[in-house]
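> Got a predicted structure plus its sequence, pasted below:
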Amino acid sequence: MSYDLMVFEKAKAPGTKKEFMAWYEKQTEWEEDHDYQTISVSSPALQNWFMEMKEKFPPMNGEYAPDFELLEEDENLESHLVDYCIGHDVIYAAFSWSVADEAYELMRSLAQKHGVGFFDVSTDEGDIILPDGTMIE
C-alpha cells in the first residue's frame, strides 16, 4: 500500500467536495488516450510543478526516472522514488509511507507555488486545498 497524493488543475475541478470526489473517480479511471508517464500531456502549471517535484521525488518510470546505477549508489533515493500517473488535469503520486510527511509538505507547498490544487488521497479527511489555501468542503 502506498501513500497517495494528487495535484490538479484548479480550473478543471468542481467546487464542492461531493462533486470533486465524483470528478476524482472519473480522473482515476485512467481512460485518457496517452501513456501516463509523459509530462507534456499536462497543463503548463502541472508541468512546472512536476519538474520541481521530481528533483526531490524522482519518478519510478518514464523519461525522468533515475538510472539503475544511481539507485545502487544512493540508498535514500530508492525510498524517494514515486509512481506518478500523469493526466491532462491531474498528477497522481504514490509514495512510500516512510516519506509521507516529507512528501505531503513538499507537494502541498509546490502546489501552492505553481498554482495547482492539492488533494490528500490517503487520509480519511481527504484535504482538498486550492492554491490560495481555500479548502473545498
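All right, it came through fine. Residues are numbered from 1 along each chain as shown.
> I'd assumed Phe118 was in contact with Arg108.
Yes: at 5.0 Å, Arg108 and Phe118 qualify as touching, with contact defined as C-beta atoms under 8 Å. Where C-beta positions appear, they are placed from N, C-alpha and C, glycine not excepted.
> Pick out whichever of these two has more residues nearby.
Per other C-beta atoms under 10 Å, whichever of Arg108 and Phe118 has more neighbours is Phe118, with 23 against 17.
> Which of the residues in the helix or strand that one falls within are classified as buried?
Following DSSP states H and E, one finds Phe118 within strand 117-120. Of all the residues in strand 117-120, those buried under the rule 16 or more other C-beta atoms under 10 Å are Gly117, Phe118, Phe119, Asp120.
> pLDDT score for the third one?
Phe119 is assigned a pLDDT of 98 by the prediction.
> which ones are touching it?
Leu5, Met6, Val7, Phe8, Phe20, Tyr24, Gly126, Asp127, Ile128, Ile129 (C-beta atoms under 8 Å, 6 or more residues apart in numbering).
> any idea how far it is from Tyr64?
22 Å (C-beta to C-beta, to the nearest Å).
> Show me where the protein has its helices.
Under the criterion DSSP state H, helices of the chain are mapped to 17-27, 44-56, 68-73, 75-79, 100-114.
> Ok, which of the ones you listed comes nearest Ile86?
Shortest distance between Ile86 and the helices of the chain, using C-beta to C-beta, is found for helix 44-56: 7.2 Å.
> and the direction of that closest one versus that of helix 100-114, what angle?
Angle of helix 44-56 versus helix 100-114, following axes from the mean of the first three to the mean of the last three C-alpha atoms, to 10 degrees, is 140 degrees.
> other SSEs contacting helix 44-56?
When contacts are defined as 3 or more C-beta pairs under 8 Å, 6 or more residues apart in numbering; DSSP states H and E, helix 44-56 sits against strand 3-8, strand 83-86, strand 90-95, helix 100-114.
> would you list these in CSV and tack on distance to Met51?
Putting the helices and strands packed on helix 44-56 into CSV (distance: least, C-beta to C-beta, whole Å) gives the following:
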stretch, distance to Met51
strand 3-8, 13
strand 83-86, 12
strand 90-95, 11
helix 100-114, 9
